[in-house]
Structure formats: structure tokens, C-alpha cells
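*Asks:* Have a look; sequence and predicted model below, questions after that.
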There are 2 protein chains.
Amino acid sequence: MMRAVTRIAASYRIRSDARSIEERAKAIAVEQSVEMPVAAIDDRKVLDEIVGRVESIEDRRDGTFAVRIGLATATTGLEPGQLLNMLFGNSSIHDDVTLEDAEFPAEIARAFGGPRHGLAGLRKRCGAPTGTNARAMTCSALKPQGLPAASLAKLAGRMAEGGIDYIKDDHGLADQAYSPFAERARHCGRAVRAANKATGGATRYVPSLSGNLDQMRAQIRATRDEGIDALLIAPMVAGLATFHALVREFPDMGFMAHPAMAGASRIAPPLLIGKLFRLLGADATIFPNHGGRFGYSPATCRALAAAALGSFGALKPCVPVPAGGMTLERVGEMLDFYGSDVMLLIGGGLLAARENLTRETAAFVGQVTGFARKQ
Amino acid sequence: MMRAVTRIAASYRIRSDARSIEERAKAIAVEQSVEMPVAAIDDRKVLDEIVGRVESIEDRRDGTFAVRIGLATATTGLEPGQLLNMLFGNSSIHDDVTLEDAEFPAEIARAFGGPRHGLAGLRKRCGAPTGTNARAMTCSALKPQGLPAASLAKLAGRMAEGGIDYIKDDHGLADQAYSPFAERARHCGRAVRAANKATGGATRYVPSLSGNLDQMRAQIRATRDEGIDALLIAPMVAGLATFHALVREFPDMGFMAHPAMAGASRIAPPLLIGKLFRLLGADATIFPNHGGRFGYSPATCRALAAAALGSFGALKPCVPVPAGGMTLERVGEMLDFYGSDVMLLIGGGLLAARENLTRETAAFVGQVTGFARKQ
């Protein structure tokens, strides 16, 4: 019986002169598949079904070319690390090549499965309305690292009293001696539950995972007893396979992806932080909003949000979480830009209010809910 | 009792004008530590012991500045992923910042442990002389992916008959349907053992790990029965924590690191591929040699080899493995460049000999051993 050969359409941007581009494109198709002189390959099946194929070359008239290459799905073994390896492993070493986009055959979305909960699931958890009354969600970050668990818990409690939807650990909070994961999860989880009880709210605390797969599993099990149902993970630090394994093993948990180490990879952010993190199971994906501490353009942010939310097989939408130096002053503009299918993250901007943290948090929440009612 | 506060000296290169550089440097020190407005931090201990410190700024007179920042060792939790996260996690998103180098306090080398076997151990395994007779080692790569295990095993057997020291899987060989890991390890392991028996040689087969930590553990266990004692892994694909966990769990195994996804990270290759992979346990580290398919300069290659081999606490030296389009014609020049503490890797260049693979392999081996005798 023949199995159909499907291919991933990977789009690269290559800096090159017009004379060399065909050869460069072919070289990348070979590098990202068999990685050896094609002339030395006898096997018909390898030549027909495995060697990458240049599908199109388009001159962008800016010294670069858009090159589309068909990579055999079979070479990925339907495994997250190998998928990345086949898309960009060796070519990542060429500093004149970027990976711009990839279109995946249906079996990729089916095999990896995407978010367990997604946009609707995260709204439900924090009691945010869905449907025609849907509003944007709110998020803040617990920091600075170096504080003991009890001090972080106090901050978390005050944010929860302000009615925020999600409080995530700063991605710098790991399993350090001054605030070990399990102790932090216990303290912060309890502080948030106590605040919820007092206010009738449904704030969720989202601790940050670190270490290897076994250590992260142990961390997740430790959170269960504290009523925690969502976690922060940096997939490019943890490894894509580790991230995906956790998503499949802990179906009740929500996962928020952090972009640490994802920005330097010369993979277009909409593809990596939007599409790929979603494919592997991110219910929400954090990225640096334009005009903050990082250099993403409005167009990149828009494309990233579209990749996270748009149609992708049967995958649930992943919530875009613009962040990175946002302030209350920008809430209206951000909601205009992203609409309501978004989670706004203001970290340092709230913490800077110090003793007025609860009031500042409530002001943030009020702006977001008020904006929703105005629409 | 007071515990001494130690710091990692991380060196960044920042594109900036002279007017802004102090502010930029401070911003990165904050980004890579507490990631929030320092003015909003009350805690004396956090301010003194956790916030990153700008230690020096040097104008490089090329539009960039060398900035040295002291990052508290405690923030790493002595965990591989978090170490990378603290060195460059968020700042990797700034495309005008590169991480150039890092000097580590003694506790980092002690905590992570480095290679189990290193240069001397890998020489011993393949029967290469050490001491005053030491010579460079030889390596080739099994490919193309898409071939069934039995066909790859035939190639491995012929390379082993040619007397090569190490045969590694192409890093594209994972756990694909056309050549599952366990089947490949069995076939190739046996072919190499049979060739060794016939020639009296000691060629080692080095299969490529893929998947998550559990899958890699199962792969390693499957290799044990086949007399395999070294493995290939791409740390930036697998995740640094996964890589390190395997090194510590399987002390009898040698680990060869592959640079897939390590080239795009805007971390200087000598630091990432030389120093950091060695710190986490790479016995050998593969990198693209100058003048091949990739764009590393001779200076980068020299610095990378020095980082892999040079003094680093009590860590064993890690073998530099220049590769990426090397040919027999370059053997003499490469040995002149790297000396004998090196493993030369020629993959496609040998496979292109097709039916003469054994003879071509023997010629490669002969050149390397002949060169050693001439010295």
C-alpha cells in the first residue's frame, strides 16, 4: 500500500544576489533534508520522497529572495525537536537566512494537537465572559526574583485583591535557594485563593517551570495541591519536546509560553512564538509588544496575534499576550489594536505603584472591563 | 552564617551611540536579573545581591560597545536552562545585543561537572594513542536519512573497514518510520562490531538521540545491548537541561554535541558551542569549520577550539570537531590549524566516493595518522 508523501512548505528569506539564488535555494533544500551531495544518492525513494524541493523563488527587490522549500513530513518523525531541526537546524547557522513561515499538512496539526484549553478555556478559568460579552483578559508578573516566597505571596495577594485575571511568575523565578518552586507555589497559591475568597474573584496564579522534564513534572504535581491550574514555560529554554510532553501528560493544566531565547533565533516571531508554540500546546503566548522595551514592529505583533488565533487545522486558538514594558496608559490603544481576544500583561508598570499595588491593579482591570462595555 | 555572593561576568556587545550606552548597559543588567524598575524594589538584599551590575563599558570604535555585567550566580539556581535564561533569555530578543563571553565562578564548573570522558577518554575508546604519540581522531557521518537501517548499516560497516575512529549518525536521523532509532542502532552497531572484529579496529558508532528526556533514555538503554558507548545530541534542540540530565545519568556514555539551532542564537560560538556545551558535559563538540558550507571565520574557529580545550576549573577538555563540508584535500591544513587535539569530521566528502567508500575512508585515516607520524 502506498502512503501519500506530504510536505511542509517552509519559507526562507535569503540574502543573495540574483545569480546565486537558485544554487543557494537548492543548497538549503539539501541542508534541511539529506545534508549530503545529491549526486551520491542512489536510492530512488530518498531522491523522490526525502530530498527537499525548491518550490518557488521570488525576488523581493531588497537584496533578499523569498524561497519556498517542500520538506518531507516523514523526516520530522512527528516529534517536536526534530520538526524544528528539519525546519531550521543547520540553516540557522547561516546568518543570511531567516525562516519566515511554514505551512503544515493536516497530519502535523493532528499529531501535535495544539492547546488543550486555548482562548475559551483560559477565559472560563478566570471567570471572564465569553461570546458576545467577551472581553480582554488581564495579567501581571510576580517579581523581583530574590524575594522570599512569603514576600512574593504578599504581592500576589494584593494583585488578586485588585481583581486581575492571571498572575504569572517572572520567567526569572526558577527553583532558586531564596525562593524554591514548591514553597513559592504554596505561598502564592494560598495568598491568591485567600484573596479570591474575600473578593469572590477567580484570579489564577501561574508559576514558572524550570529544570528538566522530571523536575518540571514534580513541580506540576506540587502545584496541584495548591489549586493551581496553569503554568508558565519558556519552550526555547526547556526544549520543545519537554514542553510538548508536559502538555500531553497534564491535560488539566493550562500552559502559558514565554519567549525567552526565542527572539534570537532568526525565525520570524509569528511562526515561532505564534504558530509553533501554539502547535505544541501553548494556551497563551507572551511576546514583546511594539513600542515597549523590545523592537518588534506593529506588523510583526499583528501577524503574531493572527498566527496564534487564526485557523490552523482543528487547533484551538492560543491567546496572544503582548507585554514587555507596557503601562496603564497604553491599555486603550492596545485593545484598539488587538481587539478583545487578547490578554494584556503589565508587570513592572503595576509593581512600580508599590504600596498602591492593589489600587493600581484595580485601575488596570477597570480600564479593560470598562473598554469592553464601551464597545 | 553569610554565604559569599558570587557573580558570573557576562560580556555583551551592544550596538549603540555613545550617549545612550550607559543607560542601555544598565537596562540589560536589570533585564537579565530582576526585570523590573529598580526604583520599585525596597529589599536591600535584592538590591545588593540580585540586581545585575554593570562592571565595565568599553567603546570598540565600530559602533558597538563591550559591556561586562555581573550576574548573581544564585539566580541560576545552578540549573542549565536557567543559566542560559539568566545569561541571555530576554536580551536575546534585542537584535542589537550579542552575548560574547562569560566567566564563571568556580561553583558553576563544580555544579555542572563538564565532560565525563573528554579528549583522553574519547581517544582511549577508539584506540588512538595518547601522550607524546597522540594524533587527531577521525569521524564521518551516516546519511542520507530516508535509507532503511540495513542500508545505513552497510555504509557504517564500510567506513569501519576503512579504519575510521567515530561514525556518527547525521543529525537528521531521528526516530523516523523509515529507520527507527532502535532498529538503526542494532543494525549499525552490529555492522561496526563485525568490521572491528575483521580488522582488529575499534571504530565506534555514535547514534543520534531525539525526542524528550524519557525517549532519549529509552534510546540510550537500547544502545547498551549493542555495545554502543557514545551518543550524538543537539543541546539547543533537546534543551540544555535534557542534555545535562543524560550526561549525569549515563556516566559510561560519551556525548558528542551537534550545533543545530545553536548558530542563530546571537551567542558567540566559542561561548555556546565551546564553553557552555563543555560545561554541561560534551566530550566532543561539532562546529562548522571556516571555509566550508558555513560562515565561521578562522578566528572564531580558533577561539571555539580554545574554549573547548582550554583551562576551565577542573573540567576535562572537550574535543573540537570541525566539520560542515570538509574534504580530504583539507586534512593537512586543518591539522596545521588545530594541532592534534581535534577530531576531523568528513561526511558527504567520503560518501561521495560511493562504491569506493572504504578506500576513501582509509585514505582519510591514512592522511591523519601519516600527518601525526611526520610531526
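*Replies:* Received the coordinates, thanks.
*Asks:* ok, now how distant is the closest residue to A:A363 other than its chain neighbours from chain B?
*Replies:* Take A:A363 and drop its neighbours on the chain: the residue closest to it by Cβ to Cβ, 6 or more residues apart in numbering or on different chains is A:L328, 6.2 Å away. C-beta coordinates here come from the backbone N, C-alpha and C atoms, glycine included. According to Cβ to the nearest Cβ, to the nearest Å, A:L328 stands 14 Å off from chain B.
*Asks:* contacting residues for A:L328?
*Replies:* When contacts are counted by Cβ atoms under 8 Å, 6 or more residues apart in numbering or on different chains, A:L328 is found next to A:I346, A:G349, A:E360, A:A363, A:F364, A:Q367.
*Asks:* Let's have the residues you listed in a markdown table, adding distance to A:P180 and secondary structure.
*Replies:* A markdown table is the format used below for the contacts of A:L328 (distance: Cβ to Cβ, whole Å; DSSP: H, G, I helix; E, B strand; the rest coil):
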| residue | distance to A:P180 | secondary structure |
| --- | --- | --- |
| A:I346 | 27 | coil |
| A:G349 | 28 | helix |
| A:E360 | 29 | helix |
| A:A363 | 33 | helix |
| A:F364 | 30 | helix |
| A:Q367 | 35 | helix |
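*Asks:* mind putting those in TSV, neighbour count and pLDDT included?
*Replies:* Shown next, in TSV, are those (neighbours: other Cβ atoms under 10 Å in any protein chain shown; pLDDT from 0 to 100):
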residue	neighbour count	pLDDT
A:I346	24	97
A:G349	23	93
A:E360	22	98
A:A363	16	98
A:F364	26	98
A:Q367	19	96
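*Asks:* quick one: which of those is nearest chain B?
*Replies:* Closest approach to chain B among the contacts of A:L328 (Cβ to the nearest Cβ): A:G349, at 8.4 Å.
*Asks:* Got the phi and psi for the residue of chain A found nearest chain B?
*Replies:* For chain A and chain B, the shortest gap (Cβ to the nearest Cβ) falls at A:G239, measuring 2.2 Å. Torsion angles at A:G239 (phi, psi; degrees, to the nearest 10) stand at phi 100, psi 140.
*Asks:* Quick check: buried residues in the helix or strand containing A:A299?
*Replies:* According to DSSP states H and E, A:A299 maps onto helix A:298-309. Going by neighbour count (16 or more other Cβ atoms under 10 Å in any protein chain shown), the buried part of helix A:298-309 is A:T300, A:C301, A:A303, A:L304, A:A305, A:A307, A:A308, A:L309.
*Asks:* can you check stretch A:210-229 too?
*Replies:* Across stretch A:210-229, burial judged by 16+ other Cβ under 10 Å covers A:210-213, A:215-217, A:219-220, A:222-223, A:226, A:228-229.
*Asks:* and what of stretch A:186-195?
*Replies:* Buried-residue list, stretch A:186-195, by 16+ other Cβ under 10 Å: A:R186, A:H187, A:C188, A:G189, A:R190, A:A191, A:V192, A:R193, A:A195.
*Asks:* picking that back up, from the buried residues of helix A:298-309, pick the one nearest A:M36.
*Replies:* Relative to A:M36, the closest of the buried residues of helix A:298-309 is A:A307; by Cβ to Cβ it sits at 33.3 Å.
*Asks:* correct me, but that closest one touches A:F277?
*Replies:* No. At 9.4 Å, A:A307 does not count as touching A:F277 under the criterion of Cβ atoms under 8 Å.
*Asks:* Could I get the full set of helices for the stretch 151-300 of chain A?
*Replies:* Secondary structure of the stretch 151-300 of chain A (DSSP state H, counting those that start in this stretch): helices located at A:181-199, A:213-224, A:235-238, A:240-249, A:269, A:277-280, A:298-309.
*Asks:* Format the ones you listed as TSV; extra columns: mean pLDDT and distance to B:N289.
*Replies:* Converted to TSV, these look like this (pLDDT from 0 to 100; distance: least, Cβ to Cβ, whole Å):
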stretch	mean pLDDT	distance to B:N289
helix A:181-199	97	42
helix A:213-224	96	34
helix A:235-238	97	27
helix A:240-249	98	28
helix A:269	96	31
helix A:277-280	98	34
helix A:298-309	98	35
